[in-house]
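>>> can't give you the sequence, but here's the structure:
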């Protein structure tokens with residue numbers, strides 16, 4: 001990294017091959033804490049925020065968001081999904097429209113209020129990230145992108161096996 005990159009706060013992992021893996025675990029922990037603060041700020045439960053994020057991701061990918069997609073992503077029943085989605089509708093974060101492909105099903109859409117509430121928080125977060133990486137050279141940026149893309153691909157393709165240790169002290173469920 002170039003000298004103009006701002007120093008990172010907190011504990012940095014050792015600069016060893018395992019230090020990179022440890023840094024990913026620290027990133028996961030920071031993301032979990034960020035999600036908790038976001039839930040508190042929006043006054044939502046974990047599954048409610050998770051549902052909004054699933055819908056946002058599908059929309060970003062140009063895909064339709066349906067209740068079944070939320071159920072599968074959150075790992076909850078269709079009944080629990082109905083309660084979650086109903087609460088988001090009452091809060092003004094979600095609308096449903098008829099699915100033009102079959103006329104029976106409903107498509108889910110985040111409201112402008114939900115998009116604004118989440119994007120306001122994300123904008124502040126992204127500004128901080130932009131500042132943090134602004135000192136990277138083009139070569140360093142490419143290396144980071146390649147690494148993060150490979151990690152993402154590995155996570156997308158990995159299958160968890162019962163009782164397989166994925167990190168010292170943690171067991172895959």
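Structure's in. What do you need? Model, not experiment: these values are computed from the prediction.

>>> what about the residue nearest the centre of the chain, helix or strand, and which?
Central residue check for the chain by Cα atoms, centre = their mean: the C-alpha nearest the mean position is that of residue 53, 6.7 Å away. Applying DSSP states H and E as the criterion places residue 53 in helix 46-60.

>>> give me the helices and strands touching that helix, please.
Using 3 or more Cβ pairs under 8 Å, 6 or more residues apart in numbering; DSSP states H and E as the contact criterion, the secondary-structure elements in contact with helix 46-60 are helix 17-42, helix 67-74, helix 78-90, strand 94-98, strand 106-110, helix 112-133. Every C-beta, even on glycine, is put in place using the N, C-alpha and C of the backbone.

>>> count the residues that sit near residue 36.
Neighbour count for residue 36, taken as other Cβ atoms under 10 Å: 12.

>>> and the gap between it and residue 56?
When Cβ to Cβ, to the nearest Å is applied, the distance between residue 36 and residue 56 equals 18 Å.

>>> sec struct for the residue of the chain positioned farthest from its centre, please.
Of all residues in the chain, residue 103 has its C-alpha farthest from the mean position, at 30.6 Å, by Cα atoms, centre = their mean. The three-state label for residue 103, taken from DSSP: H, G, I helix; E, B strand; the rest coil, comes out as coil.

>>> relative to residue 58, how far out is it?
When Cβ to Cβ is applied, the distance between residue 103 and residue 58 equals 20 Å.

>>> just residue 154 next, same as before
To residue 58, residue 154 is 22 Å away according to Cβ to Cβ.

>>> looking at the two, which one has more neighbours?
The neighbour count for residue 154 versus residue 58, taken as other Cβ under 10 Å, is higher for residue 58 (18 against 9).

>>> count the neighbours of the closest residue to the more buried one other than its chain neighbours for me.
For residue 58, the nearest residue in space outside its immediate sequence neighbours is residue 65; the separation is 4.3 Å by Cβ to Cβ, 6 or more residues apart in numbering. By the measure other Cβ under 10 Å, the count of residues near residue 65 is 23.

>>> so for residue 149, which of the helices and strands packed on helix 46-60 sits nearest?
Comparing the helices and strands packed on helix 46-60 by their distance to residue 149 (Cβ to Cβ), the top pick is helix 17-42, with 13.6 Å.

>>> elements contacting that closest one?
Other elements packing on helix 17-42 under the criterion 3+ Cβ pairs under 8 Å, 6+ apart are helix 46-60, helix 112-133.

>>> for residue 136, helix, strand, or coil?
Residue 136 falls in the coil class when you classify it by three-state DSSP.

>>> how close does it get to residue 21?
Separation of residue 136 from residue 21 (Cβ to Cβ) stands at 21 Å.
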